[in-house]
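Participant: just a sequence and a predicted model for now, questions to come.
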Amino acid sequence: MTITMYGIKNCDTIARARKWLESNSVDYGFHDYKTAGIDRARLAAWVEELGWETLLNRAGTTFRKLTESDRQNIGPDKAIALMLAQPSMIKRPVLDLGDRRIVGFKSGNYEALFA
């Protein structure tokens, strides 16, 4: 199984998730949104699979800095446009396991996943 972690290198949650994977000898690749971006097709597929509500980080600073009109009436298309424009609005990490994606990091969830 090829595993890819999507996120931002200097994110604290990403650091914790990467440390967990490495200390548990889980091989993975890392895709940094800041340097490699994210393409619309992949993001749209994630929204289809997981829902935009799961992927859009509405608690983050980047989202909170948006204008009130940008924060209103969000649906799949608008969420994708926001995340493409500002990839830091994508919840982190997105762990791509090939056949499914997992969003966020909790050590207990990773333990169950890789048991």
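Facilitator: Yes, it's here. Since the structure is predicted, the reported quantities are computational estimates derived from the model, not experimental observations.
Participant: would you map the helices across this protein?
Facilitator: Secondary structure of the chain (DSSP state H): helices at 12-23, 33-36, 40-50, 52-55, 61-64, 68-71, 76-85, 107-113.
Participant: turn the ones you listed into CSV, columns for distance to residue 97.
Facilitator: Yep, even glycine has a C-beta here, placed from its N, CA and C like the rest. What follows is the helices of the chain, written out as CSV (distance: least, C-beta to C-beta, whole Å):
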stretch, distance to residue 97
helix 12-23, 12
helix 33-36, 19
helix 40-50, 12
helix 52-55, 15
helix 61-64, 26
helix 68-71, 31
helix 76-85, 20
helix 107-113, 8
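Participant: including mean pLDDT and mean neighbour count, could these go into JSON lines?
Facilitator: Below are the helices of the chain laid out as JSON lines (pLDDT from 0 to 100; neighbours: other C-beta atoms under 10 Å):
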{"stretch": "helix 12-23", "mean pLDDT": "96", "mean neighbour count": "15"}
{"stretch": "helix 33-36", "mean pLDDT": "92", "mean neighbour count": "13"}
{"stretch": "helix 40-50", "mean pLDDT": "97", "mean neighbour count": "14"}
{"stretch": "helix 52-55", "mean pLDDT": "96", "mean neighbour count": "17"}
{"stretch": "helix 61-64", "mean pLDDT": "92", "mean neighbour count": "13"}
{"stretch": "helix 68-71", "mean pLDDT": "92", "mean neighbour count": "10"}
{"stretch": "helix 76-85", "mean pLDDT": "96", "mean neighbour count": "17"}
{"stretch": "helix 107-113", "mean pLDDT": "94", "mean neighbour count": "12"}
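Participant: how confident was the prediction at residue 31?
Facilitator: Note on residue 31: pLDDT of 97.
Participant: contact partners for it?
Facilitator: Shown in contact with residue 31 (C-beta atoms under 8 Å, 6 or more residues apart in numbering): 4, 5, 6, 7, 38.
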